[in-house]
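K.L.:
sequence unknown, structure follows:
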Ligand code: GLC
């Protein structure tokens, strides 16, 4: 029995607010979309019923448009900004107005595989909800099959250098004086800069003032960027939704259409100048030129074959702990500042799943062992310094605990690789 297993379970328990889990108390006191899906995968290691509950609570916030919000504000908590009043989400529960990487279908399929009979009714109820959500992405975020975001927070990679170019074209006018709470919980140099925060809030205000009407927002927003996290996780999620739909005798034509369109559209994210997938700014037609941890999700999506392999080997041999969120060779690399350099364990889980499925078992296993080592070194932190594994950001973090239980722990009985397709 590994003491870290017990610690990880205790973290999930400590962050459990009854039916949903917060990423960590104080810094993130609400339910976040993809954090909750990882949480479910962590609970699945010891409490399958609680795992399903986490996902069901997430979908209880789904809007009538199909969108599943990135934050659901179940109980107001003043330790976080911007809260429900600033967002003004228009769903059934107080929420933000944007979504997050759609990894739910992938993990729902994996949870189902752990108990096919016992989970039938739950999966049957979730399939149409997943379909509505994926359709929302395709309708409102699809640009020729590449999937865009209307706000950096939607990608889950809040301040990565990909946004530097698009942000330079934004004048954050009309944003009222505000007071950040994040820097009261975490050191300033491990968080986004004020320059970025002004623009985050400007984009929130824009969406809020449009009443989150996507057609309107698409017309007026200066920010519309196609992103590898979104494109690759949605492509993968559609493959898993297709498999579930086939198993449950649900319609599949529409999903097959999405898969074909995103497979083709993902090619737009290929930047021949750097020989890598990156973001594409739809407002300027320019690639962002950043190799990020999200670039390596193409294996998870089942596209791109081995065209990123040389970059993968170069970066993983450059740092002690992988996968840094930004290529250390990039001039904007900052090893402790959030998405500009640190290692995020749950990204590694997704990347390794793709590597494994593409036949790179050695690299997948090496990444798993490296992730286990960074957690042993730095604890259950939000993210880690790639140079020495020292912890950064929030502590007692749900998705790091879940990544340990579901994948990185040597004792895992959890999900391991979400699904072998
Ligand atoms: C930050 C991360 C995002 C995550 C959220 C809660 O905003 O960038 O990916 O979902 O925190 O942990």
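P.N.:
Ah, there it is. A quick note: this is a predicted structure, and the numbers were derived from the prediction, not measured. Numbering: from 1, shown residues only.
K.L.:
Leaving out chain neighbours, which residue sits closest to residue 241?
P.N.:
Setting aside the residues directly before and after it, residue 241 is nearest to residue 105 in space (C-beta to C-beta, 6 or more residues apart in numbering), at 4.4 Å. In short, each C-beta sits where N, CA and C put it, glycine included.
K.L.:
What lies in contact with the lowest-mean-pLDDT helix or strand in the chain?
P.N.:
Ranking every helix and strand in the chain by mean pLDDT, DSSP states H and E puts helix 182-185 at the bottom, with a mean of 94. Helix 182-185 is contacted by residues 26, 27, 79, 81, 191, 394 when judged by C-beta atoms under 8 Å, 6 or more residues apart in numbering.
K.L.:
Surely the first one and residue 78 touch.
P.N.:
So the one you mean is residue 26. No - applying C-beta atoms under 8 Å as the test, residue 26 and residue 78 come out as separate, 10.8 Å apart.
K.L.:
who has more neighbours, those two?
P.N.:
residue 26 (17 against 8; other C-beta atoms under 10 Å).
K.L.:
how near is the more buried one to residue 394?
P.N.:
Distance, residue 26 to residue 394, by C-beta to C-beta, to the nearest Å: 8 Å.
K.L.:
So, low pLDDT: which residues of this protein?
P.N.:
Residues of the chain meeting the criterion pLDDT under 70: 1-2, 416-421.
K.L.:
For it, what lies in contact range of the ligand?
P.N.:
Neighbours of the ligand within the chain, by C-beta under 6 Å from any ligand atom: 23, 28, 32, 34, 35, 153, 156, 158.
K.L.:
Now tabulate these in JSON lines and tack on neighbour count and secondary structure.
P.N.:
Listed next are the residues of the chain next to the ligand as JSON lines, based on neighbours: other C-beta atoms under 10 Å; DSSP: H, G, I helix; E, B strand; the rest coil:
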{"residue": "23", "neighbour count": "24", "secondary structure": "coil"}
{"residue": "28", "neighbour count": "22", "secondary structure": "strand"}
{"residue": "32", "neighbour count": "25", "secondary structure": "strand"}
{"residue": "34", "neighbour count": "23", "secondary structure": "helix"}
{"residue": "35", "neighbour count": "28", "secondary structure": "helix"}
{"residue": "153", "neighbour count": "20", "secondary structure": "helix"}
{"residue": "156", "neighbour count": "25", "secondary structure": "coil"}
{"residue": "158", "neighbour count": "18", "secondary structure": "coil"}
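K.L.:
residue in the stretch 1-150 of the chain nearest to the ligand?
P.N.:
residue 23 (3.5 Å; C-beta to the nearest ligand atom).
K.L.:
thought that residue was touching residue 399?
P.N.:
Yes - using C-beta under 8 Å, residue 23 is in contact with residue 399, at 6.7 Å.
K.L.:
Now the common contact residues for the two.
P.N.:
residue 35.
K.L.:
how about the helices in the stretch 51-200 of the chain?
P.N.:
Applying DSSP state H, counting those that start in this stretch to the stretch 51-200 of the chain gives helices spanning 84-87, 104-114, 120-141, 164-168, 182-185, 194-209.
K.L.:
Give me the angle between the third one and helix 104-114.
P.N.:
Right, the one you point to is helix 120-141. If you take axes from the mean of the first three to the mean of the last three C-alpha atoms, to 10 degrees, helix 120-141 sits at 160 degrees to helix 104-114.
K.L.:
can you pull the buried residues of helix 120-141?
P.N.:
By 16 or more other C-beta atoms under 10 Å, the buried positions in helix 120-141 come out as 122-123, 126-127, 129-138, 140-141.
K.L.:
Name the residues of stretch 43-53 that are buried.
P.N.:
Within stretch 43-53, the residues scored as buried using 16+ other C-beta under 10 Å are 43, 44, 45, 46, 48, 50, 51, 52, 53.
K.L.:
what's the nearest residue to the fifth one if we skip its chain neighbours?
P.N.:
Counting by C-beta to C-beta, 6+ apart, residue 48 lies nearest to residue 115, which is 5.9 Å off, once chain neighbours are set aside.
K.L.:
With residue 77 instead?
P.N.:
Counting by C-beta to C-beta, 6+ apart, the residue nearest residue 77 is residue 29, at 4.0 Å.
K.L.:
ok, that neighbour touching residue 15?
P.N.:
No - using C-beta under 8 Å, residue 29 makes no contact with residue 15, being 9.7 Å away.
K.L.:
which neighbours do the two share?
P.N.:
Contact with both residue 29 and residue 15 is made by residues residue 22, according to C-beta under 8 Å, 6+ apart.
K.L.:
quick one: contacts for residue 75?
P.N.:
Residue 75 sits next to residue 17 when contact means C-beta under 8 Å, 6+ apart.
K.L.:
And it, how close does it get to residue 95?
P.N.:
Residue 75 is 13 Å from residue 95, by C-beta to C-beta.
K.L.:
can you count the residues close to the nearest residue to residue 104 once chain neighbours are set aside?
P.N.:
The shortest distance from residue 104 to any non-neighbouring residue, by C-beta to C-beta, 6+ apart, is to residue 37 (5.0 Å). Residue 37 has 27 neighbouring residues, counting by other C-beta under 10 Å.
K.L.:
Kindly confirm whether my reading is correct that residue 71 touches residue 29.
P.N.:
No - between residue 71 and residue 29 there is no contact, the gap being 9.9 Å when judged by C-beta under 8 Å.
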